[in-house]
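Peer 1: next comes the sequence, and after it the predicted model I'd like to discuss.
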Amino acid sequence: MAKKVAVVGAGVSGLLSLKCCVDEGLEPTCFEKTEDIGGLWRFKENVDDGRASIYQSVISNTSKEMSCFSDFPMPEDFPNFLHNSKALEYFRLFAKKFDLLKYIQFQTTVLSVKKHTDFATSGQWVVVTENNGKEQSAVFDGVMICSGHHVFPHLPLESFPGIQKFKGQYFHSRQYKHPEGFEKKRILVIGIGNSASDIAVELCKKAAQVFISTRHGSWVMSRISEDGYPWDLAFHTRFKIMLQNIMSQTVVKWSLEKVMNKWFNHENYGLVPQNKYLLKEPVINDDLPSRILYGAIKVKSRVKELTETSAIFEDGTVEENIDVIVFATGYTFSFPFLEDLIKVENNMVSLYKFIFPPQLEKSTLACIGLIQPLGPIFPAIELQARWVTRVFKGLCTLPSERTMMEDIIKRNKKRIDLFGESKSQILQTGYISYLDELAVEIGVKPDILSLLLKDPKLAVKLYFGPCNSYQYRLVGPGQWNGARNAIFTQKQRILKPLKTRAIKTSSTFPVSFLLKILGLLAVVVAFFSQLQ
Ligand SMILES: Cc1cc2nc3c(=O)[nH]c(=O)nc-3n(C[C@H](O)[C@H](O)[C@H](O)COP(=O)(O)OP(=O)(O)OC[C@H]3O[C@@H](n4cnc5c(N)ncnc54)[C@H](O)[C@@H]3O)c2cc1C
Ligand SMILES: NC(=O)c1ccc[n+]([C@@H]2O[C@H](COP(=O)([O-])OP(=O)(O)OC[C@H]3O[C@@H](n4cnc5c(N)ncnc54)[C@H](OP(=O)(O)O)[C@@H]3O)[C@@H](O)[C@H]2O)c1
């Protein structure tokens with residue numbers, strides 16, 4: 001009999017988990033407390049308690065080709081960076097294609113997940129849900145927690161002395177929806193994550209003045225990279241990772257700073273990170289530097305104190321007549337329905353490879369999407385779900401509790417070395433390294449060396465090209481016949497939405513090539529004229 005799996009939540013993590021359960025012949029039931037799929041990406045005008053809430057203008061900061069699911073490329077005509085409504089459209093297409101809706105019970109909240117009395121032998125869970133005031137209990141062989149981690153606001157008011165006296169309006173970024181209502185205001189945005197930057201840029205078009213206060217600064221990158229391609233295609237390649245691994249730390253640090261300052265000098269803009277060499281998640285924002293250049297946004301240091309109407313900063317400067325403070329200070333996460341099964345202390349959680357609680361007698365409970373890779377999250381979520389479903393099925397096994405704990409400690413230390421100790425970096429991990437790690441567990445990591453003999457063209461693409469999710473469908477369990485083609489047609493899907501104006505194709509004969517030929521001819525002519 002197929003094993004029954006409960007999936008908590010029908011956001012991206014839930015949908016991918018459902019698909020992987022079906023692929024592995026498991027029997028999933030997804031409980032989604034709202035009326036629809038999409039989680040965070042389904043914009044709503046109102047802010048619901050216990051549900052992620054985004055502003056109307058959110059556009060993905062990872063590109064469609066790098067974010068898409070491994071056996072389901074995004075439609076060719078989709079833009080490269082997706083408005084939230086477009087991302088939701090993609091999830092709907094995915095759910096339809098793989099017929100996932102039939103597994104979802106909407107408006108059904110998971111109230112508790114508890115070990116069954118015979119858990120030590122069966123590994124089973126008792127899941128209590130509530131729908132329309134009616135509680136139900138059911139037994140499952142496995143549980144996948146897909147409830148999201150951008151739900152509960154981190155609002156550190158205790159770090160802002162005087163906030164009680166402040167007479168203006170203040171709120172967390174998750175409350176922000178539109179710029180309307182903020183016309184002609186003087187607004188202070190706290191933090192310099194992607195929320196803070198997006199909101200500051202949007203508000204400064206209407207406000208009298210926007211200030212952005214950062215205690216540690218941040219690197220800011222454009223969505224547009226080499227030759228106008230999306231940044232992440234150039235950023236996430238196996239070749240670059242290899243270079244980073246073989247280069248000395250001094251050279252890596254030097255080149256990081258060089259690359260980050262190529263667009264604009266962060267020091268001149270007051271944005272330079274306090275620790276320039278941490279690989280903290282960068283801000284991806286095309287407009288922030290230009291708005292700073294216009295003077296519409298002014299970068300300030302940490303807030304020392306607030307008064308009824310003003311903000312006093314660490315450097316002694318004061319900004320008067322502040323009307324609004326937006327705390328874009330990130331999120332905390334918790335699992336209210338799990339009791340003490342997964343303990344979150346100081347926003348930290350001990351999970352093996354960010355997924356499995358190591359102390360359970362049976363590996364039948366997993367967290368999906370509780371991660372912040374230095375790249376698009378969707379491919380990471382997908383590989384997590386592929387691995388978990390194979391563990392549930394007994395096709396992959398986990399090491400001992402002790403080994404898992406050692407790994408957690410080691411990983412945590414490495415995380416602090418690479419990304420620093422900020423609360424916003426607690427779930428941070430490398431990108432290709434993490435994908436490959438999971439791929440090895442599943443048996444789907446492409447072997448580039450052997451491909452070099454069998455299919456050299458593909459091997460070169462995999463090594464020097466963007467490390468997209470299709471790479472993990474070329475071999476092994478879940479192999480997809482379309483993967484190779486998807487890799488070779490990627491450029492087409494990137495350029496298609498840009499071809500909105502008919503342009504006569506310019507001569508394909510490059511001028512530089514012509515100059516080289518002419519130069520060569522000149523050398524030959526000069527040589528023969530010397531002989532005469
Ligand atoms: C503004 C913003 C923009 C982002 N942009 C990007 C981006 O461009 N690229 C990228 O890679 N990542 C991005 N992220 C990261 C983001 O977390 C992921 O993209 C993704 O949405 C996470 O999906 P999820 O399914 O894990 O969680 P969610 O989308 O939050 O979904 C969780 C679901 O679980 C349901 N649920 C919760 N608790 C229960 C319960 N007890 N019972 C039943 N149902 C429950 C919720 O209703 C919800 O539907 C962004 C994050 C934010 C905040
Ligand atoms: N367009 C998009 O795609 C988009 C938009 C928004 C968000 N996102 C994603 O969503 C996730 C959450 O982003 P986020 O910006 O909401 O949160 P975040 O990345 O966690 O950033 C929080 C910011 O608040 C600051 N902060 C926290 N506590 C503070 C305190 N006590 N005093 C002063 N500053 C404080 C942090 O500074 P320190 O670093 O100094 O701690 C950081 O700059 C990220 O993964 C992000 O990429 C994506």
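Peer 2: Here it is on my side, so go on. Ligands and ions are numbered 1, 2, ... in the order given.

Peer 1: shouldn't residue 103 be in contact with residue 20?
Peer 2: No. Using CB atoms under 8 Å, residue 103 is not in contact with residue 20, being 11.9 Å away. C-beta coordinates here come from the backbone N, C-alpha and C atoms, glycine included.

Peer 1: helix/strand/coil for residue 239?
Peer 2: The local conformation at residue 239, judged by DSSP: H, G, I helix; E, B strand; the rest coil, is helix.

Peer 1: surely it meets residue 463?
Peer 2: Yes. Counting by CB under 8 Å, residue 239 does reach residue 463; the two are 5.6 Å apart.

Peer 1: with neighbour numbers in mind, choose between those two.
Peer 2: For residue 239 versus residue 463, the count of surrounding residues by other CB atoms under 10 Å is larger for residue 463: 17 against 13.

Peer 1: tell me which helix or strand the more buried one sits in.
Peer 2: Per DSSP states H and E, residue 463 falls inside helix 456-464.

Peer 1: helices and strands around the helix or strand just after that helix, which ones?
Peer 2: On the C-terminal side of helix 456-464, the closest following helix or strand by DSSP H and E is helix 483-488. Here helix 483-488 touches helix 456-464, going by 3 or more CB pairs under 8 Å, 6 or more residues apart in numbering; DSSP states H and E.

Peer 1: coming back round to it: which of residue 103 and residue 20 has more neighbours?
Peer 2: Neighbours around residue 103 and residue 20, counted as other CB under 10 Å, are more numerous at residue 20. The numbers are 27 against 22.

Peer 1: and the stretch 401-532 of the chain, which residues reach ligand 2?
Peer 2: Within the stretch 401-532 of the chain, the positions adjacent to ligand 2 are 422-424 by CB under 6 Å from any ligand atom.

Peer 1: separate out the buried members of those.
Peer 2: By neighbour count, with 16 or more other CB atoms under 10 Å, those hold 422, 424 as buried.

Peer 1: what residues of the helix holding residue 463 count as buried?
Peer 2: Neighbour counts over helix 456-464 (16+ other CB under 10 Å) mark 458-459, 461-463 as buried.

Peer 1: that one - what's its average pLDDT?
Peer 2: Helix 456-464 shows a mean pLDDT of 96.

Peer 1: tell me what the helix or strand where residue 94 lies is packed against?
Peer 2: Per DSSP H and E: residue 94 is located in helix 84-97. Counting contacts by 3+ CB pairs under 8 Å, 6+ apart, helix 84-97 is packed against helix 12-23.

Peer 1: how far away from the center of its chain is the helix it packs on?
Peer 2: 18 Å (CA atoms, centre = their mean, to the nearest Å).

Peer 1: mind saving the C-alpha coords of it as CSV?
Peer 2: C-alpha atoms of helix 12-23 as CSV (Å, rounded to 0.1, in the frame of the first residue of the first chain):
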residue,chain,number,x,y,z
VAL,A,12,5.7,26.7,-4.1
SER,A,13,7.1,24.3,-1.5
GLY,A,14,3.8,22.5,-1.2
LEU,A,15,3.1,22.2,-4.9
LEU,A,16,6.6,20.9,-5.6
SER,A,17,6.3,18.4,-2.7
LEU,A,18,2.9,17.2,-4.0
LYS,A,19,4.5,16.6,-7.5
CYS,A,20,7.4,14.7,-6.0
CYS,A,21,5.1,12.5,-3.9
VAL,A,22,3.1,11.6,-7.0
ASP,A,23,6.3,10.9,-8.9
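
Peer 1: returning to what we had before: tell me which of the buried residues of helix 456-464 is nearest to residue 272?
Peer 2: residue 463 (33.1 Å; CB to CB).

Peer 1: over to whatever residue of the stretch 251-400 of the chain ends up closest to ligand 2: give its phi and psi.
Peer 2: Closest residue of the stretch 251-400 of the chain to ligand 2, CB to the nearest ligand atom: residue 330 (2.6 Å). Residue 330 has phi and psi values of phi 80, psi -160 when expressed as degrees, to the nearest 10.

Peer 1: contacting residues around the closest residue to residue 122 other than its chain neighbours?
Peer 2: Sequence neighbours aside, residue 116 is the residue nearest to residue 122 in space, at 6.0 Å (criterion: CB to CB, 6 or more residues apart in numbering). Residues near residue 116 by CB atoms under 8 Å, 6 or more residues apart in numbering: 122, 124-126, 139.

Peer 1: around ligand 1, pick out the residues from the stretch 101-250 of the chain.
Peer 2: Proximity of the stretch 101-250 of the chain to ligand 1, by CB under 6 Å from any ligand atom, involves residues 109-110, 146-148, 150, 195.

Peer 1: that older thread, and the helix holding residue 463, how far out from the chain's middle?
Peer 2: The chain centre lies 25 Å from the centre of helix 456-464; the measure is CA atoms, centre = their mean.

Peer 1: closest to ligand 2 among the residues of the stretch 101-250 of the chain next to ligand 1?
Peer 2: Set against ligand 2, the nearest of those by CB to the nearest ligand atom is residue 195 (3.3 Å).

Peer 1: report the separation between the closest one and residue 313.
Peer 2: Separation of residue 195 from residue 313 (CB to CB, to the nearest Å): 21 Å.

Peer 1: neighbour count winner among the two?
Peer 2: Each of residue 195 and residue 313 has its neighbours counted (other CB under 10 Å); residue 195 has more, 25 against 17.

Peer 1: how about the helix or strand hosting that one and ligand 2, any contact?
Peer 2: Assessed by DSSP H and E, residue 195 sits inside helix 194-204. Yes. Judged by CB under 6 Å from any ligand atom, helix 194-204 and ligand 2 are in contact via 194-196, 198.

Peer 1: stretch 367-379 too?
Peer 2: Yes. Legend: contact between stretch 367-379 and ligand 2 by CB under 6 Å from any ligand atom is shown at residue 372.

Peer 1: what's the closest of the contacts of residue 116 to ligand 1?
Peer 2: For these, the minimum distance to ligand 1 (CB to the nearest ligand atom) is 14.0 Å, reached by residue 125.

Peer 1: dump the residue contacts of the closest one.
Peer 2: Counting by CB under 8 Å, 6+ apart, residue 125 makes contact with 6, 113-116, 119, 139-143, 364-365.

Peer 1: quick check: it vs residue 117, distance?
Peer 2: Separation of residue 125 from residue 117 (CB to CB): 11 Å.

Peer 1: all helices for the stretch 301-450 of the chain, in order.
Peer 2: Counting by DSSP state H, counting those that start in this stretch, residue ranges of the helices within the stretch 301-450 of the chain are 377-393, 401-419, 432-442, 448-454.
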